[in-house]
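Undergrad: following is a predicted model, sequence given first.
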Amino acid sequence: MLKLPISYGRQFISDEDVQAVVEALKSDYLTCGPKIAEFENAFCEYVNAKHAVAVCNATGALHIAAMALGVKPGDNVICTPLTFASSANCIRFCGGNVKFVDINPKTYLLDLDKLKETLAASPKGTYKGMVLVDFAGYPHDMEEYRKVADEYGMWILEDACHAPGAYFVDSTGDKVYAGCGKYSDITVFSFHPVKHITTGEGGIACTQNDEYKEKMALYRTHGITRDADKLERQDGLWYYEMQELGYNYRITDIQAALGISQLKVARKNVEIRRELVRKYNEAFKDIDAIKTPYEAEDVYHAYHLYIIQVDDRLGLYNFLRENKIFAQVLYYPLNLMPYYKQFGNKEGDLPVVEEYYKHCLALPMFPTLTEEQQEYVIGKVKEYICK
Ligand SMILES: *Cc1c(COP(=O)(O)O)cnc(C)c1O
């Protein structure tokens, strides 16, 4: 039987996931226990990272990442406008200024040429870093962005909330997974239910840099350490020191247990997503009025979202909704949000993302989407577009 409504994304919780959470609930630790490190290690293995710091959500991960990178009041940082608010907000949390640079019309990622133009137009040292978002699951060719970052002495914070499991192949033939840190300084992921892997709420920051890792672990829990080597005094085993101003961004063992279990099927689920993409692309390939997503040869796209572009987006959105298909529009350009407009950002500044926004629509994309559901979605899209 066809199950309706169909949303653009949703989580999958298996019986094993439930069992893992039940076991965590019955264990000695609900938080600050052994499941946290176990989850961090499993995630490192999944994305080929050296260090991972798991936290309560990706917004917290972005915040401690920006702190570890040393963002200070008045620092200028480049960011893509095509993202969820947190990617830029983490710079604002630290008092930095956000400079939005337009997207590439094919990949929807921050445009490399426009980035170079922007940097060349100001004295070296104007921009401290860049926040790059692997939008929809498309991984950046980070080798190219690294060259630019190095030329200008900038750091790279990669927001890979859409892209766990994605990789590109670099000039040495390496599969460079989003999060492995070969070219970016810190990479952040989210475990919100709509993302690939869920812990209810949750996030993680990955890095190869030992110092960033230490700092982020400290900022995660009030800036407090109990590490005897780092303490100024040795009063006894009860003694701890608050050495920096940090937050409570901890994740629980209950959530970490769920994350460990979810990771076991993560790679398979990306394959299922890619199979769904093949079916959508095949169904729409002869329809000029539907623009399907681009994927370069040397890229393994993780397809958090399957985004098409059509002329009459509002019409299609409403028609699908009437038919119990909850497609989604992602995202309204962040530079045009009222909060960011107060800094002088205005309509017309970034024409490519504005044009994209007028036409984009994310169709249902999640591993448990059934063949019957996908055919129903394809049928309804065609019915409206080819009418
Ligand atoms: C979901 C998301 C976030 C925020 O993640 P939370 O875990 O909800 O804080 C940040 N950036 C991007 C690109 C996202 O998709």
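TA: Happy to help now that I have it.

Undergrad: quick one: Cys56 and Gly200 touch, right?
TA: No - counting by Cβ atoms under 8 Å, Gly200 is not a contact partner of Cys56; they are 9.9 Å apart. From N, CA and C alone the C-beta is placed, and that goes for glycine too.

Undergrad: could I get the contacting residues of Gly181?
TA: 49-50, 187, 206-209 (Cβ atoms under 8 Å, 6 or more residues apart in numbering).

Undergrad: between those, which is nearest Gln373?
TA: Gln373 lies nearest to Thr187 out of the contacts of Gly181, by Cβ to Cβ, at 32.2 Å.

Undergrad: sorry, back to before: ok, Cys56 and Gly200, which is more surrounded?
TA: For Cys56 versus Gly200, neighbours defined as other Cβ atoms under 10 Å are more numerous around Cys56 (21 against 18).

Undergrad: the more buried one and Val18, how far apart?
TA: According to Cβ to Cβ, to the nearest Å, Cys56 and Val18 sit 21 Å apart.

Undergrad: who are the neighbours in contact with Leu369?
TA: Contacts of Leu369 (Cβ under 8 Å, 6+ apart): 6, 276.

Undergrad: that one and the ligand, how far apart?
TA: According to Cβ to the nearest ligand atom, to the nearest Å, Leu369 and the ligand sit 19 Å apart.

Undergrad: that residue falls within a helix, correct?
TA: No - applying DSSP: H, G, I helix; E, B strand; the rest coil, one finds Leu369 to be coil, outside a helix.

Undergrad: can you check the pLDDT for it?
TA: pLDDT, Leu369: 98.

Undergrad: ramachandran angles for it?
TA: phi -60, psi 120 (degrees, to the nearest 10).

Undergrad: and what of Cys206?
TA: Per-residue torsions, Cys206: phi -110, psi 150 (degrees, to the nearest 10).

Undergrad: show me the contacts for the residue nearest to it when sequence neighbours are not counted.
TA: In this structure, Cys206 finds its nearest non-sequential neighbour in Ala49, 3.8 Å apart by Cβ to Cβ, 6 or more residues apart in numbering. By Cβ under 8 Å, 6+ apart, the contact set of Ala49 is 43, 179-181, 187, 206-208.

Undergrad: how close does Ala49 sit to Thr83?
TA: 21 Å.

Undergrad: checking the residue of the chain most remote from its centre next. Helix, strand or coil?
TA: Each residue of the chain has a distance to the centre, and by Cα atoms, centre = their mean the biggest one is for Asp235: 42.8 Å. Secondary structure for Asp235, judged by three-state DSSP, is coil.

Undergrad: same question, Ala362
TA: Here Ala362 is recorded as strand under three-state DSSP.

Undergrad: just checking, it touches Tyr306?
TA: Yes - with contact defined as Cβ under 8 Å, Ala362 reaches Tyr306; the gap is 6.5 Å.
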